[in-house]
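A.B. asks: Pasting the sequence and the predicted coordinates here, then a few questions.
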Amino acid sequence: MTLPSSPQTLISVGLLVFIPVSILAERLGWGALTVFGLSALAIVPLAIWLSTATEELAVVTGPTIGGLLNAVFGNATELIIALVALKSGLIDIVKASITGSILANTLLVLGLSMLVGGLRYREQQFNQAVAGINGSTMTLAVTAIIIPAMVINTSSIVEASVIRHLSVVVAIVMITVYGLTLLFSLKTHSYLYDVGVTDFGEVTGAHDSPQASHAAAPPNPWLWLGVLLAATVGVAIESEIFVGAVEEAAHNLGLTDLFTGVILLPLVGGAAEYVTAVRMAAKNNMDLAVSVAMGSSLLVALLVAPVLVIVGELIGQPMDLNFGLFEVVAVAVAVATVNLVSQDGRSNWLEGVLLLSTFALLGAAFFFHPV
């Protein structure tokens, strides 16, 4: 079986040239800003291939195993970058990237999807029940993020160890909730989330129609497993280079750690989600576009963030969930806005503009936010 020849695939193949170039730039000391830009460009196609391989394997393994693969590797790029940054002691940037990933997925990805889909179709529909469940779960995630900040701001003296222990407890609860959401979506209420094999084929470009899906050979699992492993290794290598240059590059650009983590890192790590969601919206499949956007936000809030807290304790780089007040407010505003926009199960281009405008306003606020 050959690799799919969709425009997304061809572009991602072309961008792979930045992998050796970025490695060469880092070895020859071309400067932090150059290395930062080249490694960011190298991570984008790797993220797309990682996502594509996961979705192709999901076609072969079926909805249950495929759902688990998407749950594990759906945001692997963001997790790898965050783990590398955490190991390097860039805890403030890591925490900011968690906020940024939630904002980007809920506002930027969903906003772009609604705008692009709305320009092609007067109105699009998606599963209102699933959007409601995801919105309720995101509300819980926001509550979990707010709790440590509430403890600090309502107490006169709070020792750092107390917040660390509280963060670990919150992390365990969040991981448990994420596991239960998988049980709900893959087992007990899987009918609500049934996007079908055809939809996975549309994402990856493997099938053009239901009839073609029967005629075409199924994806080669060994080929895509190899692509998955290679992309994961590639992301890990490029993340080391990217994180090694991010602080100096941000300083040279006059950017704060807060803006770097909230805006720049999610834009690099979430490239695959952006491409997939917008393509699905353009094909009038808002169910899958909304699922990708909100599902990625849930994965970051309920799995990636708690994993980083626990791993930080294990490697001697403790990271708590005490986010700044402005970050907490920004996430709460984003989730509330998305819940309001998605509650009727319909979307149009204006709602996309509203979400994108909210993201732009918050992005500007983070840019001008003092250190």
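C.D. replies: On my side now, so go ahead.

A.B. asks: make it CA atoms for all contacts and neighbour counts henceforth
C.D. replies: Noted.

A.B. asks: The stretch 201-350 of the chain: strands as residue ranges?
C.D. replies: 346-347 (DSSP state E, counting those that start in this stretch).

A.B. asks: Tell me which stretches of it form helices.
C.D. replies: For the stretch 201-350 of the chain, applying DSSP state H, counting those that start in this stretch gives helices covering 210-215, 221-253, 257-259, 265-269, 271-282, 286-299, 305-314, 325-342, 349-368.

A.B. asks: Show the model's pLDDT score for residue 367.
C.D. replies: pLDDT recorded at residue 367 is 91.

A.B. asks: Tell me, how many residues neighbour it?
C.D. replies: Residues within reach of residue 367, counting by other CA atoms under 10 Å, total 19.

A.B. asks: picking up where we left off before, which one of the helices of the stretch 201-350 of the chain lies closest to residue 120?
C.D. replies: Relative to residue 120, the nearest member of those by CA to CA is helix 271-282, separated by 6.9 Å.

A.B. asks: Go ahead and produce PDB holding the CA coordinates of the closest one.
C.D. replies: Output of helix 271-282 as PDB, limited to C-alpha atoms (Å, rounded to 0.1, in the frame of the first residue of the first chain):
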ATOM      1  CA  ALA A 271      -0.900  21.800  13.800                       C
ATOM      2  CA  ALA A 272      -2.500  18.300  13.100                       C
ATOM      3  CA  GLU A 273      -5.700  19.100  14.900                       C
ATOM      4  CA  TYR A 274      -6.100  22.400  13.000                       C
ATOM      5  CA  VAL A 275      -5.700  20.800   9.600                       C
ATOM      6  CA  THR A 276      -8.000  17.900  10.400                       C
ATOM      7  CA  ALA A 277     -10.800  19.900  12.000                       C
ATOM      8  CA  VAL A 278     -10.800  22.600   9.200                       C
ATOM      9  CA  ARG A 279     -10.800  19.900   6.500                       C
ATOM     10  CA  MET A 280     -13.700  18.100   8.000                       C
ATOM     11  CA  ALA A 281     -15.700  21.400   8.300                       C
ATOM     12  CA  ALA A 282     -15.000  22.200   4.700                       C
END
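
A.B. asks: contact partners of it?
C.D. replies: Under the contact criterion CA atoms under 8 Å, 6 or more residues apart in numbering, helix 271-282 has outside partners 8, 44, 47-48, 51, 109-110, 112-114, 116-117, 120, 202-203, 286, 288-290, 292-293, 296.
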